[in-house]
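In: make a model of this:
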Amino acid sequence: MTSKLPTLDPLDRRLNLLDENGIVISSTGKPARIAVAFTELRKNPERDCAIDTQLMFGEDVKVYDEKNGWAWVQAERDNYVGWLETKTLKYDVKPITHLVCVPRTFLYPEPDLKLPDKGMRSMGTGLVIIGEEERRGTNYNILDAGEAIIAHHIRPKNEHEEDYVRVAATLLRTPYLWAGTTAFGLDCSGLIKLAMFMCGQNILRDLDMQAATLGEEIDAGESYDNIERGDLIFWRGHVGIAQGDGQLLHANGNSMDVTSEPLLPAIERIAYLYELPIGVRRI
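Out: Coordinates of the predicted model:
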């Protein structure tokens, strides 16, 4: 079987701190953390520059340069390098204790769900919890900044889900968003990244990186009859999850959300517009 899947460039600028000559920079960055629900990471420090990816509240980064309100960082979870707005960072950070484990949840000014919320958080958000309280039969946890969050919407950071396909399925109908990595909006590889993160796997972010590194490439068979639940089907520019029972789970620009649809008709539809899958990887 001749592989059509891409390989990983060891000097990819998305994963390496490179100077203007493409030489890897050896430097010690300054620890910081994302302090907003989510923010955008760009190749250049310009708001009209295309978005590469997103980082969410509680993600840790190392800052290597700052200029004109922008910070050049490398993300801890997936090693992604880029520029984000400095105002989205905080530098006085405490160890993360918990993660949001439901698709989306709210913060409250105190333990009372009837109060106006103070913001929203996505699945995968890292939190620092310092206390707990029960009010009118509802259990809350208290964050280091003083807000309250529903207790069963979070879990200790070292407790992981076991089935990434099941996690991904909880994100059905999430809107499609180019470069999206949160439960407010996802692209195809962002869905894979978030679902696997909740299972304790810090995988690489982008489609081509995942196609080059995840699992083991398999022969899908002429009629794709060798595909099993949890396999990743890669196209040039797209990826989906074999959900089992002949279904494909994916964030896509056709339905503009995370959807589940029959695998073979989806392959036929995509091939009509583009081409057939270039490979399948088993996790």
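In: now residue 66: closest residue in space, sequence neighbours ignored.
Out: The spatial neighbour of residue 66 that comes closest, neighbours along the chain excluded (Cβ to Cβ, 6 or more residues apart in numbering), is residue 86 at 5.9 Å. Using the backbone N, CA and C atoms, a C-beta is placed for each residue, glycine as well.
In: so what's that neighbour up against?
Out: Applying Cβ atoms under 8 Å, 6 or more residues apart in numbering to residue 86 gives the contacts 66, 69-71.
In: you'd agree residue 266 is in a helix?
Out: Yes: according to DSSP: H, G, I helix; E, B strand; the rest coil, residue 266 belongs to a helix.
In: tell me the contacts of it?
Out: Per Cβ under 8 Å, 6+ apart, neighbours of residue 266: 240, 248, 250.
In: so how far is residue 255 from it?
Out: 10 Å (Cβ to Cβ, to the nearest Å).
In: the helix or strand of the chain with the lowest mean pLDDT: what's the following helix or strand?
Out: Every helix and strand in the chain was compared by mean pLDDT, DSSP states H and E; the lowest is helix 263-273, with a mean of 93. Using DSSP states H and E, the helix or strand that follows helix 263-273 in sequence is strand 279-282.
In: paired strands for that following strand, with orientation please.
Out: strand 216-218 (antiparallel), strand 232-235 (antiparallel) (DSSP bridges).
In: report the rounded mean pLDDT for it.
Out: For strand 279-282, mean pLDDT is 98.
In: so the residue nearest to residue 202 when sequence neighbours are not counted, which of the three states?
Out: Nearest residue to residue 202, sequence neighbours excluded (Cβ to Cβ, 6+ apart): residue 77, at 5.0 Å. At residue 77 the chain is in coil, as set by three-state DSSP.
In: can you check residue 114 too?
Out: Assigned with three-state DSSP, residue 114 falls in the coil class.
In: quick one: distance of stretch 130-147 to the chain centre.
Out: Centroid separation for stretch 130-147 versus its chain: 27 Å, with Cα atoms, centre = their mean, to the nearest Å.
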